[in-house]
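Trainee: here is the input, now give the coordinates:
(2 chains)
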Amino acid sequence: MKRRDAIALGLAAPALASRSAAAACPELRGTGDLLVIVERARGSLLVAESTGRTVLGRVEGLGDLSHASLVFSRDARFAFVFGRDGGLSKLDLLERRLVARVVQAGNAIGGAISQDGRLVAVANYEPGGVRLFSTADLAPLGEIAAIGADGKRSKVVGLVDTAEGGFAFTLWDSGEIWLLDPSEPASPRITRFPGIGSLPYDANVTPDGRFYLAGLFGEDGIVLLDLWHPEAGPRRILDGYGRGEAPLPVYKMPHLEG
Amino acid sequence: MAERAAAAVLLLLLAAAGRQEPARIERSELPPARKDELVHLLRHDCGSCHGLTFKGGLGPALLPETLAEKDRDGLVVTVLEGRPGTPMPPWKHTLGEAEARFLVDLLVEGRVP
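Mentor: Have a look, this model is predicted:
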């Protein structure tokens, strides 16, 4: 405790030299060294730094974080947190405070930020679909109801941003991949790929932004869509990759990680 | 539909048969340490599909209000036998009938510690 006070004092002197910086952020620092820890049961988040391994502060009031995921703004100053209760919170990692918060659905799973940094898209379970918000102030900009080829509203999983400036996501109930072009967020253009297989539970994109991969819960295989050639359509890869001697029940809902 | 109903009846019969087995222990006899294990399983294994707080994930919500109308014995059968053709797996290899009933009671009564 004493030691941390001493460090804070040490930083205060140079900070005085630049008055505006001192006012906005007394402890001038980048965010590259920071990490956040989700306190699932408390609905709060700890901001820590990894060089000295100290906790810098806690941000509270983020709702139900029993299943939470987060993404960072393009400048890496802000974190966008998606909560189980449909809460979307924007928090400032440097000032350790909540900047904006909306409860935008009944149950959300995650989201992504567009390549230009302007839009944050949220994947929702309840009601199933995707909603678009401004990263600046979380103002609502658009909404897509995920009504599948079966005419029913589906839960959305595996939402990622694509190199083309849009988003890709997957419909759990009806087994589809959708590409979303948000140039006009209020009436986004959607390309649908139905019939990809049974119960896609999660999806991700390769680091180069080219291949979108969706894992299937109801079948033994992975669906691949080449985002450079979406017209070629999704195709199955790694069929039977999970097969052992006999098909066995699955006792957990997995994530698909790259 | 008729087929499904028939299957459900069969499962109920199987479950009834299971209940008569003398080896099965009654709910009240579950040792406290086992109850702790079961609650952990409920939150972290069942919770991976139904949500840690049972508000639903890719599986449906398991809250008192969503389960109120449902037959408790039927829910116990669901836990033990799973729902074929859906992600709900059968737990009878891990859980005895009294254990499944203990979990269903906690859920229906909203008493998960």
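
Trainee: which SS state does the closest residue to A:Gly111 other than its chain neighbours fall under?
Mentor: Once flanking residues are discounted, A:Gly111 sits nearest to A:Val122: 4.2 Å by CB to CB, 6 or more residues apart in numbering or on different chains. (Each C-beta comes from the backbone N, C-alpha and C, glycine too.) A:Val122 falls in the strand class when you classify it by DSSP: H, G, I helix; E, B strand; the rest coil.

Trainee: pLDDT at A:Val122, what is it?
Mentor: Note on A:Val122: pLDDT of 98.

Trainee: next up, the contacts around the closest residue to chain B within the stretch 51-200 of chain A.
Mentor: As assessed by CB to the nearest CB, chain B sits closest to A:Ser66 within the stretch 51-200 of chain A, at 3.8 Å. Taking CB atoms under 8 Å, 6 or more residues apart in numbering or on different chains, we find A:Ser66 in contact with A:Arg40, A:Ala41, A:Arg84, B:Gly47, B:Gly51, B:Leu52, B:Thr53, B:Lys55.

Trainee: put the buried members of those into a PyMOL selection.
Mentor: In PyMOL, this line selects whichever of those come out buried by 16 or more other CB atoms under 10 Å in any protein chain shown:
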select buried, (chain A and resi 40+84) or (chain B and resi 47+51+52+53+55)
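
Trainee: go through the contacts of A:Ser66 and flag which are in helices.
Mentor: Counting by DSSP state H, the contacts of A:Ser66 place B:Gly47 in helices.

Trainee: pick the one among the contacts of A:Ser66 closest to A:Gly165.
Mentor: A:Arg84 (28.9 Å; CB to CB).

Trainee: so that closest one sits right up against A:Leu62, yeah?
Mentor: No. Taking CB atoms under 8 Å as the definition, A:Arg84 is not a contact partner of A:Leu62, at 10.6 Å.

Trainee: now do the same end-to-end measure for stretch A:201-217.
Mentor: 6 Å (CA to CA, to the nearest Å).

Trainee: in it, what counts as buried?
Mentor: Result for stretch A:201-217 [16+ other CB under 10 Å]: buried residues A:201-205, A:209, A:211-217.

Trainee: do the same with stretch B:53-72
Mentor: Quick answer for stretch B:53-72 (16+ other CB under 10 Å): B:Thr53, B:Phe54, B:Lys55, B:Gly56, B:Gly57, B:Leu58, B:Gly59, B:Pro60, B:Ala61, B:Leu62, B:Leu63, B:Leu67.
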